[in-house]
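S.K.: Just a sequence and a predicted model for now, questions to come.
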Amino acid sequence: MRRIAVNPWDWSLKLGYNQAEIIEGASRQLICAGQTAVDGAGSPQYPGDMRGQIGLALDNLEAVLAGANMGLENIVRLVVYATDVDAALKNFDLLGARFGPIRCAPPMTLLGVTRLAIPDLLVEFEATASA
């Protein structure tokens, strides 16, 4: 799979994402349901802790990707839903710590929502991946 970044402006690169990407040569696509900070039984973890929830939601996203023999480098679109956008942004260094070393900057959208499906959840990651 070949990824070609499309960035008419460079401001989003400073935030860790491309405006768009052309994907060539992909033969498999994975559509991931929203991943949140729940344990293996589906129970919410880290109530009130945005940083803890972002970390666990990313762990869960990586587990789903691994189940399809993919990794974060295969993500071609990421949508983040947060009940507190400012708190999420303060902790986005966690995304940089995971995506930066693999030099992956998928197009991303961050949306503020009033709540998620389970009231204790603060953040949710929805991803599309290709290989």
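M.R.: Here it is on my side, so go on.
S.K.: Which helix or strand lies directly C-terminal to the longest helix along the chain?
M.R.: Secondary structure of the chain per DSSP state H: the longest helix is helix 50-67. Note on helix 50-67: by DSSP states H and E, the next helix or strand toward the C-terminus is strand 75-82.
S.K.: residue ranges of the helices in the chain, please?
M.R.: Counting by DSSP H, the helices of the chain are 50-67, 85-90, 93-99.
S.K.: Pull the residues that contact the first one.
M.R.: When contacts are defined by C-beta atoms under 8 Å, 6 or more residues apart in numbering, helix 50-67 is touched by residues 30, 32-33, 35-38, 45-46, 71-72, 74-75, 82, 84, 87-88, 90-92, 94-95, 98, 121-125, 127, 129. The C-beta positions use only the backbone N, C-alpha and C, and glycine is treated the same way.
S.K.: Distance to Pro8 and mean pLDDT added to the helices of the chain, as a markdown table?
M.R.: Below are the helices of the chain laid out as a markdown table (distance: least, C-beta to C-beta, whole Å; pLDDT from 0 to 100):
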| stretch | distance to Pro8 | mean pLDDT |
| --- | --- | --- |
| helix 50-67 | 28 | 98 |
| helix 85-90 | 23 | 98 |
| helix 93-99 | 21 | 97 |
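S.K.: among the ones you listed, which is the most enclosed?
M.R.: The highest mean neighbour count among the helices of the chain, using mean count of other C-beta atoms under 10 Å, belongs to helix 50-67: a mean of 18.
S.K.: Quick one: distance of that helix to the chain centre.
M.R.: Computed by C-alpha atoms, centre = their mean, to the nearest Å, the chain-centroid distance of helix 50-67 equals 8 Å.
S.K.: Contacts only, for Ile75.
M.R.: Leu65, Cys104, Pro106, Ala127, Thr128, Ala129.
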